[in-house]
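Asker: Need the 3D shape of this:
(chains A and B)
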Amino acid sequence: MRPIANTRSAAGIPTGRLAVWWVLASEIVIFGGILASYIMNRLSHDWWADYAANTSTPIGAFNTFVLLTSSLSAVLAHAAAERGDGKLAARRLLYTIAGGGVFLCVKAYEWTMEISHGFTISANGFWSFYYTAAGVHASHVIAGMILMAFVARDAAKNAELHRVELVGIYWHFVDVVWIFLFPLLYIAK
Amino acid sequence: MATAEVTEHHDDHGHHDEGFVKKYLWSTDHKMICFQYMFTGIAMGLLGGFMAYAFRMQLAFPGASVPGWGGVTPADYNSLVTNHGTIMIFWVAMPVLIAAFGNYLIPLMTGCDDMVFPKVNRLSFQIFLLSAIVLLASFFVEGGGFGGAWTAYPPLSSKPEYSLTPLGSSLWLVAVGLEFIAFLLGGINFVTTTMNARAKGMRLYDIPIVVWFIVIASILFMASVGPLVAGAIMLLFNQNLGTGFFDPDKGGDPVLWQHLFWFFGHPEVYVVLLPAIGITAEIITTFARKKLFAYKTVLNTAIATGVLSFTVWAHHQFVAGIDPRMANVFTISTLLISVPVAEMIFVYIATLYGGKITLNTPMLWALSFIFEFMIGGVTGIFLGASGSDIYFHDTYFVLAHFHYTFFPIAIIGSFAGITYWFPKMTGKMMNDTLGKLHFWITIITFNLIFIPLFVLGAAGQHRRIYNYEHFPDLAGGWMQDLRVLATVALLVMLAAQVIFFFNVFISLRNGKKAGNNPWKANSLEWVAPSPPGHGNFAELPNCYRGPYEYSHPDREDDYWPQNEPA
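Answerer: This next block holds a predicted model:
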C-alpha cells in the first residue's frame, strides 16, 4: 500500500522523477571527486601521458558507440511505455541490457590485455585512477542492468510503466559519465 | 480537490495483527524508523561516552587500571580516541539529529501520512544498522579497531605497517561508507517528501524552520559527501590493492586525502548544526510565545552558510604545506562564514526579546544551545585565521573548540528535541524537575570538562598523546590538575545521564497524559494525536498560515495553529 504522501505533487514534478534526479545529484559529486582528483594529478604529472598512451582509443571508441546506442533503445522504451505498450518497452529495455553486456565484455577483454602487459591497478598513480574510475563506472553499468531487468519484468505485464522513464534517466547518466571518462582516460595522451 | 484525504488506518494502534518483527524491526512507518535511529544513536552515544571515560582516565591517571576496561595500552588509546570521534559524529549526531528527527518531524510537520518512499526509508535504517555492526566488529579482529584518528590521514591509515590494524582500518572505512549510503537514501526521502508531499496550502514559507534546515542539511550532505565516497574507495584500494593514490612513490599525494576528507568534513559540521539550530527555533518561538523574528532571514542565512561551507575546508590544512596565498583565501572565507551564523544567533535573541518566556526543560536546553555554541563559534575565529592557527593547530584548543560546537549540536540539540517532542512521541509529559536537574548537571560538567582543555591547549598541550609523563614540559603541576578536573567532570556528567533515563522511564509509567497540544504550539504535528497512530492524522490537515503566529494582536489565544481556517 502506498502512502498518500507518495501521490502528492506539490512541486509539480512526479515524486519518482524528483528522487532519481536527487540520486544523480549525489552521484555526480562522487564521480566529480574521482575525476577532479585525477585531473589535478594528471596536470601535475606530465609523465602519466606515457602510461595513457597504452590505452586503446579504438576499443574505447567502440565502447562509447555501444553505450550511446544502448541509450537510444532506452529512449525508445520510454516512448513505448508512454503509449502504454509495456511489452514493446520491455523488449527495448532488453536491447539496452544487451548493450550494457557488450560494453562489459569489451571492458573485460581490454583489462585482461592491459593486466597481462603488467599495467595493474597498483602499477602507479595513472593505472590506479584508470581502473578505479572505470571500475566505479562499470559497477554503475551492472547496477543499471539489474534495475532494468526488474523494470522490464514489470513492464512486460504493463505494471509500473513510469519506472521505464526513471531507469532510462539513470542509464543516460551512466552514459554521460562515460562521455567524460573516454576523453580523459583514452584520448588525452 | 473537494474531498478530504482520509488515511486508511486512523486507529491509534495501527495494525493489530503485526508481529514483533514486523512492528519494530521491519517497519516502514516513519515514526518507528525514527525510534530505531534514535535508540541506535543513543546506544552508540553511550558507547562513545564510555570510550571517552576510558581514555580520559588514562590521561588523568596514566598507567592506572581503568575500572571496566583495564589497563589502556597505547594501541587501545589510539583506537579509543579514533572511534570516539567517529562514533559521536557518524553514529550519534547524524542518526539522532538528521535521521531520527528528520523521520519523525518531516511527515508530521508537513502534514502527510508517511515519507514518500517508506521502503527506501526502511532500507536506509537497515544499511545504517549494518554499518554500526561492521564498526563494532572492527574492535574484535586481529590488531583491534582502527587507531589512525577519525580523519584517517594517509600514510598512517593506508599502510598496515604504520597503523598496525590491518583489518580494523578497512572495516572502519567500510562502516563509514555504508553509513554514507544510508544517509544518502534517507536524505533523498527527506528532500522529496518536503518538496512534493506537503499539506494542501503549505507554501514554501509556511514550512517550519526545522524541516527546512533538515532538508538543507540533507542537500549539503549529498553535495559534499561524494568526494569522500570517492576518497574512501581510493583509500580502501590503497590499503588492500596497493594502489598509488596517496603514495608519493607511485606519483600520488597524501594531501589529496585531506582535501577529499575536509571537502566533506567541513560542510558536515553544518549538516549536523542546521537540524540542531532548527530544533532551537521551534522551541524558542513556542516558549517565548513570539513570532520568529525574521523567518526569511533565518532561511537565507542557512542557505548562505551552506554555500559558504564548501569554500572553507582547507583551514584544516594550514600546516599541511598548502600554499600560503591559498591559506589567505581560506582564512577570509572561514571568517566570512561566521557572519550568517552570527546573524542567525542575533535573530534568535531578537525573537526572545520581549517574549513571555517559560523556562522549562526544553527551553533551557535551547537557550544553552545558543550560548554554548557561541563559545564554539568565537573560539573558531582563532583557528580560522591562518596565523594563529599555526600555533593552535593540533592542540587541545582545537579539541575544546570543536567540542564546543559538537557537544551543543549533538548532545544539547538532541536533548532539546527529545524533551520538546517527548509528549508527542509518547503521549506522556516528562518530569520537569528531573529534567532540570539533568540539564544543570550536564551543562555545568560540560563546561568544567572543556574550559580546562582550552587552557591546556593554549599552554601548548598537543592532541593524540597517550601519556604526558613522557613530556616533561606538559607533565605534572597545574596541567595535570586540570586534566584530573576535566576527567572528574566527565565522570559526573556520565553518571548524571542516569537521571535522564530514569526520567524517561518514570514519565512513561507515571507521566501526566499530554493531549494533542501540550505546549499550545502551532505546527501541524500538534494536530495529530499523541502518540500519532499509523497514518498520523485522522484526516490530513490543510495549512493556512506560517508556523510562528504566536501572540497575534487580533486573537484572544496567544497561538494560531497552522491548520485552523482563518
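
Asker: For chain A, which segments count as helices?
Answerer: Remark: helices assigned in chain A by DSSP state H are A:15-44, A:48-52, A:57-82, A:86-116, A:125-156, A:162-182.

Asker: Return the distance of the residue of the stretch 351-500 of chain B found nearest chain A relative to B:Val527.
Answerer: Chain A sits closest to B:Lys424 of the stretch 351-500 of chain B, with a gap of 18.6 Å, by CB to the nearest CB. Heads up, the C-betas are built off the backbone N, CA and C, glycines and all. Separation of B:Lys424 from B:Val527 (CB to CB, to the nearest Å) stands at 11 Å.

Asker: picking that back up, what about the residue of the stretch 351-500 of chain B closest to chain A, how many residues nearby?
Answerer: Here the number of neighbours of B:Lys424 (other CB atoms under 10 Å in any protein chain shown) works out to 24.

Asker: Please apply the same query to A:Ala134.
Answerer: 21.

Asker: gap between it and chain B?
Answerer: 12 Å (CB to the nearest CB, to the nearest Å).

Asker: List the buried residues in the least confident helix or strand in chain A by mean pLDDT.
Answerer: Least confident helix or strand of chain A, by mean pLDDT, DSSP states H and E, is helix A:48-52 with a mean of 92. In terms of neighbour count (16 or more other CB atoms under 10 Å in any protein chain shown), helix A:48-52 has its buried residues at A:Trp48, A:Tyr51, A:Ala52.

Asker: Could you single out the nearest of the residues you listed to chain B?
Answerer: The nearest member of these to chain B, counting by CB to the nearest CB, is A:Trp48 at 7.0 Å.

Asker: quick one: that closest one and A:Phe126 touch, right?
Answerer: Yes - at 4.3 Å, A:Trp48 counts as touching A:Phe126 under the criterion of CB atoms under 8 Å.

Asker: so what sits against both of those two?
Answerer: Common neighbours of A:Trp48 and A:Phe126, counting by CB atoms under 8 Å, 6 or more residues apart in numbering or on different chains, are A:Arg42, B:Gly251.

Asker: remind me which residues of the chain are low pLDDT?
Answerer: Answering for chain A, as no chain was given. A:1 (pLDDT under 70).

Asker: oops, chain B please
Answerer: In chain B, residues with pLDDT under 70: B:1-18.

Asker: residue closest to the middle of it?
Answerer: B:Ala93 (2.7 Å; CA atoms, centre = their mean).

Asker: ok, now which ones touch that one?
Answerer: Contacts of B:Ala93 by CB under 8 Å, 6+ apart are B:Val272, B:Phe406, B:Ile409, B:Ala410.

Asker: now it: how far from chain A?
Answerer: Taking CB to the nearest CB, one finds B:Ala93 at 20 Å from chain A.

Asker: three-state assignment of that residue?
Answerer: helix (DSSP: H, G, I helix; E, B strand; the rest coil).

Asker: Equivalent analysis for B:Gly201, please.
Answerer: coil.

Asker: How about it, nearest residue that isn't a chain neighbour?
Answerer: B:Cys543 (4.3 Å; CB to CB, 6 or more residues apart in numbering or on different chains).

Asker: B:Gly144 should be in a helix, yeah?
Answerer: No - looking at B:Gly144 with three-state DSSP, it is coil, so not inside a helix.

Asker: count of neighbours near B:Met374?
Answerer: The burial count for B:Met374: 15, using other CB under 10 Å.

Asker: again with B:Ile345
Answerer: Using other CB under 10 Å: B:Ile345 sits among 18 other residues.

Asker: for B:Pro67, same thing?
Answerer: Around B:Pro67 there are 9 residues (other CB under 10 Å).

Asker: and what of B:Leu485?
Answerer: Around B:Leu485 there are 16 residues (other CB under 10 Å).
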